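> Prediction below, plus the sequence it came from.
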Amino acid sequence: MCSATNNRGKLKKNNHIEFTELEWWDWSKIAEEMMNDHFFSTKRSAKKLTSPPRVASMFSGCGGMDLGLKWAGYKLVYSNEIDHRASETFQYNLGHKVDTRSIDDVDIEAMPDHDLLVGGFPCQPFSYAGLRKGLRDPRGKLFFALMDILKVKKPNFFIFENVKGLLTHNGGETFQNVSQAIYDAGYTYTHTVINAADLGCPQRRERLFIVGTKKGVPGSFTFPTFRLPRVSLRTAIEDLIGRTDVENNDPMRHTKRILERYKHIPQGGTLADAPAEHQQRKRGAAHMVSGKQSTQSYHRLIADDVSPTVCAMFQAHFIHYSQDRNLTAREAARLQSFPDDYVFKGKRTVMSWEKELSQYAQIGNAVAPKVAYVLARGLYEQLIKPNQK
Ligand SMILES: C[S@@+](CC[C@H](N)C(=O)[O-])C[C@H]1O[C@@H](n2cnc3c(N)ncnc32)[C@H](O)[C@@H]1O
């Protein structure tokens, strides 16, 4: 089993793009492609490939991963996502029907054949030993459903995505189980943590990517060895202030108390920077300060920096760098590198008891499409195209 980690070494600069000196594979063509803002400004862009690789997409969400694959010229043949709102977004933008059954209920034999399986599996701890005994650990079954697809459909490649904490979870045992299961399914893999900020997204987002190859398929995959110039928040979202001509850009209407609180928080600051009278109040006792001072909540972004990670609950945490309000869904979508013509369906936010993904959650859950594009392009050039000849 091969498992390369980050091969970033000393960097050299070329046309504002930084490359490692140790280049296992020349990423410069793809790095240059990433500088073409025009290409990434619409979901309609797509590379023209003579023989587009076929993709089956699991845990598809709103389609962040799939948009990147589409841009790279891949052909989606199957998509699965249980949430009906995320599926609606996916279908609307990518024009492909989504199977909304739980992954456990999918008839794998009936799935179309594909060259690449992708999936950002929900990351719960699980026990491989339990599986061996034939007892499906309910917390791990979603990952093992992916393994079942590999065993039955035998695609040449897969790309899985997860939080980087999967590497260290349970003292590394969880990732060892993942690793063993992949190997037992007949695949080798390489993995690394990619920061979306290095690949043109105005957001620090470190995610684990696992790229797998069916045993016997020649070649091995090498992760990007380049780093693009940082894109600041100001560059990325300044033009969206007050815009009504783009979808998903309605600002939230905050209460007077919250607005007052926001006014006291400087760029890079948190609620802890607001005076006592503006601190959070106790639930059910609005006259009492709660004493809670999370460094996470009410964090005002820094205009000339990238943003912290956009996660499913980020709207509660980020304050616009110059406006006294949270980010709009469109601003967050820009931080994830979604183009403005990618429309998010469903409610902007949902109450905890509502069983559907809000626009904010769909965006925060997504793989940044630009990151997916880079990996898909690399996989195509390094392994798929040479094997097609
Ligand atoms: C991290 S998100 C995937 C985001 C997606 N890769 C993207 O780039 O937009 C995980 C998704 O898995 C879906 N999911 C969770 N359990 C599922 C199940 N049992 N069957 C199918 N989808 C499921 C969730 O609704 C969620 O949208």
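Perfect, I can see it now. Residues are numbered from 1 along each chain as shown.
> And the strands in the protein, which stretches?
For the chain, the strands defined by DSSP state E cover 11-14, 17-20, 54-58, 75-80, 116-119, 157-163, 187-195, 206-214, 226-227, 281-282, 285-289, 299-300, 318-319.
> Restrict the fourth one to CA atoms and write it as PDB.
This file holds the C-alpha atoms of strand 75-80, laid out as PDB (Å, rounded to 0.1, in the frame of the first residue of the first chain):
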ATOM      1  CA  LYS A  75     -18.900  12.800 -17.500                       C
ATOM      2  CA  LEU A  76     -21.200  12.200 -14.600                       C
ATOM      3  CA  VAL A  77     -23.100   8.900 -15.000                       C
ATOM      4  CA  TYR A  78     -24.500   8.500 -11.500                       C
ATOM      5  CA  SER A  79     -25.100  10.700  -8.400                       C
ATOM      6  CA  ASN A  80     -26.400   9.800  -5.000                       C
END
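> ok, residues contacting it?
The contact list for strand 75-80 (C-beta atoms under 8 Å, 6 or more residues apart in numbering) reads 52-60, 66, 69-70, 90, 94, 96-101, 103, 106, 111-114. No exception for glycine: its C-beta is placed from N, CA and C like everyone else's.
> and the angle from that strand to strand 54-58?
Angle between the axes of strand 75-80 and strand 54-58 is 20 degrees (criterion: axes from the mean of the first three to the mean of the last three C-alpha atoms, to 10 degrees).
> circling back to that earlier point, relative to the ligand, which of the strands of the chain is closest?
strand 75-80 (5.5 Å; C-beta to the nearest ligand atom).
> Quick one: distance of that closest one to the chain centre.
Taking C-alpha atoms, centre = their mean, to the nearest Å, one finds the center of strand 75-80 at 18 Å from the center of the full chain.
> quick one: the spatially closest residue to residue 167 that is not a sequence neighbour from the ligand, how far?
Spatial nearest neighbour of residue 167, excluding adjacent residues (C-beta to C-beta, 6 or more residues apart in numbering): residue 175 at 5.2 Å. Computed as C-beta to the nearest ligand atom, to the nearest Å, the residue 175 to the ligand distance reads 17 Å.
> neighbours around residue 202, how many?
Neighbour count of residue 202, defined by other C-beta atoms under 10 Å: 23.
> Let me see the contact set for it.
230, 231, 232, 233, 235, 236, 237, 306, 307, 334, 335.
> Next up, the contacts around the residue nearest to it when sequence neighbours are not counted.
Spatially, and ignoring its direct neighbours in sequence, residue 202 is nearest to residue 236 (4.0 Å; C-beta to C-beta, 6+ apart). Going by C-beta under 8 Å, 6+ apart, residue 236 touches 202, 334, 335.
> Go ahead and confirm the last one touches residue 203.
Yep, that's residue 335 we're talking about. Yes: counting by C-beta atoms under 8 Å, residue 203 is a contact partner of residue 335 at 4.3 Å.
> Which of the two has more residues huddled nearby?
It is residue 335, of residue 335 and residue 203, that has more neighbours when counted by other C-beta under 10 Å, with 30 against 22.
> Near the ligand, which residues of the stretch 51-200 of the chain are found?
Within the stretch 51-200 of the chain, the positions adjacent to the ligand are 59-65, 80-83, 86, 102-103, 120, 122, 142 by C-beta under 6 Å from any ligand atom.
> Restricted to buried residues, select the residues you listed in PyMOL.
Written as a PyMOL command, the selection of buried residues from these, which uses 16 or more other C-beta atoms under 10 Å, is:
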select buried, resi 59+60+61+62+63+64+65+80+81+82+83+86+103+120+142
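> What's the ChimeraX line that selects buried ones from the contacts of residue 202?
Here is the ChimeraX selection string for the buried members of those, based on 16+ other C-beta under 10 Å:
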select :231,232,233,236,237,306,307,334,335
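> and of the contacts of residue 202, the nearest to the ligand?
residue 335 (14.1 Å).
> Mind splitting the protein into its structural domains?
As assigned by automatic domain parsing, the chain contains the domains 11-230+366-388, 233-365.
> which one of the ones you listed is the most hemmed in?
Highest mean neighbour count of the domains of the chain: domain 11-230+366-388, a mean of 19 (counted as mean count of other C-beta atoms under 10 Å).
> So what's the gap between that domain and the chain middle?
With C-alpha atoms, centre = their mean as the basis, domain 11-230+366-388 stands 10 Å off its chain's centre.
> What separation do you get for residue 375 and residue 369?
Separation of residue 375 from residue 369 (C-beta to C-beta, to the nearest Å) stands at 11 Å.
> Now the common contact residues for these two.
Shared contacts of residue 375 and residue 369, defined by C-beta under 8 Å, 6+ apart, comprise residue 68.
> circling back to that earlier point, so which of the residues of the stretch 51-200 of the chain next to the ligand belong to helices?
Secondary structure from DSSP state H places 64, 65, 86, 142 of these in helices.
> Reformat those residues as CSV; add pLDDT.
Shown next, in CSV, are those (pLDDT from 0 to 100):
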residue, pLDDT
64, 98
65, 98
86, 98
142, 86
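> For residue 354, which non-adjacent residue is closest in space?
Spatial nearest neighbour of residue 354, excluding adjacent residues (C-beta to C-beta, 6+ apart): residue 347 at 7.7 Å.
> ok, the one you found - contacts?
With contact taken as C-beta under 8 Å, 6+ apart, residue 347 is in contact with 85, 354, 356, 358, 359.
> Identify the residue with the minimum pLDDT among these.
Ranked by pLDDT, these bottom out at residue 354, which scores 83.
> That one and the ligand, how far apart?
Look at residue 354 and the ligand: by C-beta to the nearest ligand atom, they are 14 Å apart.
> mind listing the helices for the chain?
In the chain, the helices defined using DSSP H lie at 28-33, 64-71, 84-94, 128-132, 141-153, 173-184, 233-237, 256-263, 329-335, 359-365, 369-379, 385-388.
> Appreciated, that's everything.
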